[in-house]
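> Structure of the sequence below:
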Amino acid sequence: MKKLLFFAAMAVVGYFGYQQFTGNKLEPLYEEPYVILYGNPRCGWCQKMEKGLQDNDIDYIFENMNEQEVQDEVLPRMEKAGLNTMRFNYPIMDVNGRLFMRPDIETVVAAYNKTK
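Take a look at the predicted model:
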């Protein structure tokens, strides 16, 4: 029984890890490569991501999730991508149609470079 629970837990962790690192491909919002950071201006994770994007010379768009119009745009995309919209971590990153939830900067840079 312990082995079964262990393998079930590993499968769940593996699935969420796969989503975290591969993102979920959706129809891109723009024809040219882009990065959109959805978050809260006071969020430390969002500020860290902004600094990482700036340090890597990646132009990005910041969308404030406190605004209803922004939520109306991104939440359906998150649902379509299979991401939880009831409880999630900032930042949400859209890299040319691939959505990531609280990725590290290396993941975002790699995804962006693939689209160039």
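> Which parts of the chain are helices?
2-22, 44-55, 68-80, 105-115 (DSSP state H).
> ok, and for the last one, which residues are buried?
Looking back up the chat, that one is helix 105-115. Of the residues in helix 105-115, 105, 107-109, 111-112 count as buried by neighbour count, 16 or more other CB atoms under 10 Å. C-beta: built from backbone N, CA, C; applies to glycine.
> can these go into JSON lines with extra columns for distance to Tyr38 and pLDDT?
Below are the buried residues of helix 105-115 laid out as JSON lines (distance: CB to CB, whole Å; pLDDT from 0 to 100):
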{"residue": "Ile105", "distance to Tyr38": "16", "pLDDT": "98"}
{"residue": "Thr107", "distance to Tyr38": "15", "pLDDT": "96"}
{"residue": "Val108", "distance to Tyr38": "13", "pLDDT": "97"}
{"residue": "Val109", "distance to Tyr38": "18", "pLDDT": "97"}
{"residue": "Ala111", "distance to Tyr38": "15", "pLDDT": "95"}
{"residue": "Tyr112", "distance to Tyr38": "16", "pLDDT": "96"}
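> Turn the residues you listed into a markdown table, including distance to Glu69.
Below are these laid out as a markdown table (distance: CB to CB, whole Å):
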| residue | distance to Glu69 |
| --- | --- |
| Ile105 | 27 |
| Thr107 | 27 |
| Val108 | 24 |
| Val109 | 28 |
| Ala111 | 25 |
| Tyr112 | 25 |
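> burial of Pro76, as a residue count?
11 (other CB atoms under 10 Å).
> likewise Glu31?
Neighbours of Glu31 under the rule other CB under 10 Å: 7.
> Roughly how far does it sit from Ile58?
18 Å (CB to CB, to the nearest Å).
> Where among the helices of the chain is average confidence lowest?
Out of these, helix 2-22 stands lowest, with a mean of 54 (criterion: mean pLDDT).
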